[in-house]
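**Student:** Provided below for reference: sequence and predicted model.
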Amino acid sequence: VDPTLERSFRGHKGSVNSAVFNPNMKQLVSVSQDGCLMIWNFKPQLRAFRFADHKGPVLSVAVSPTGGIIASGSKDRTVRLWAPNISKGRSTVIKAHTGG
């Protein structure tokens, strides 16, 4: 059986670099060259959320097993931890990488 397109999400202003499912299977999280992390809800009536604290393209994303924390890694040499249900778009920054 050939795969069929279930749904398409539009909202990033740059190329999408990574996307992962939230373990709750109700959301998809994506990161992009536009410096944003987006959380997409599978229910069409629920809006998407955009998080834009990074200062450069976001290259990777991971979701904790509980789905309560999201980690994103950026070309700005930071890893940011997001608690999307309480953060109101804010993140905690972890800076450890140096060099170009």
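**Tutor:** Yes, it's here.

**Student:** is the spatially most central residue of the chain in a bridge, and if so with what?
**Tutor:** Note on the chain: the residue nearest the mean C-alpha position is Leu37, at 3.4 Å, using CA atoms, centre = their mean. Beta bridges link Leu37 to Val31, Phe51 when assigned by DSSP bridges.

**Student:** right, and it touches Leu59 too?
**Tutor:** No: contact between Leu37 and Leu59 fails when scored by CB atoms under 8 Å: they sit 11.2 Å apart. In short, each C-beta sits where N, CA and C put it, glycine included.

**Student:** intersection of neighbour lists for those two?
**Tutor:** Both Leu37 and Leu59 are in contact with Val31, where contact means CB atoms under 8 Å, 6 or more residues apart in numbering.

**Student:** all strands of the chain, in order?
**Tutor:** Taking DSSP state E, the strands of the chain run over residues 16-21, 27-32, 37-41, 49-51, 58-63, 70-74, 78-82, 91-95.

**Student:** could you dump the ones you listed to CSV with mean pLDDT?
**Tutor:** Shown next, in CSV, are the strands of the chain (pLDDT from 0 to 100):
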stretch, mean pLDDT
strand 16-21, 96
strand 27-32, 96
strand 37-41, 93
strand 49-51, 89
strand 58-63, 97
strand 70-74, 95
strand 78-82, 91
strand 91-95, 63
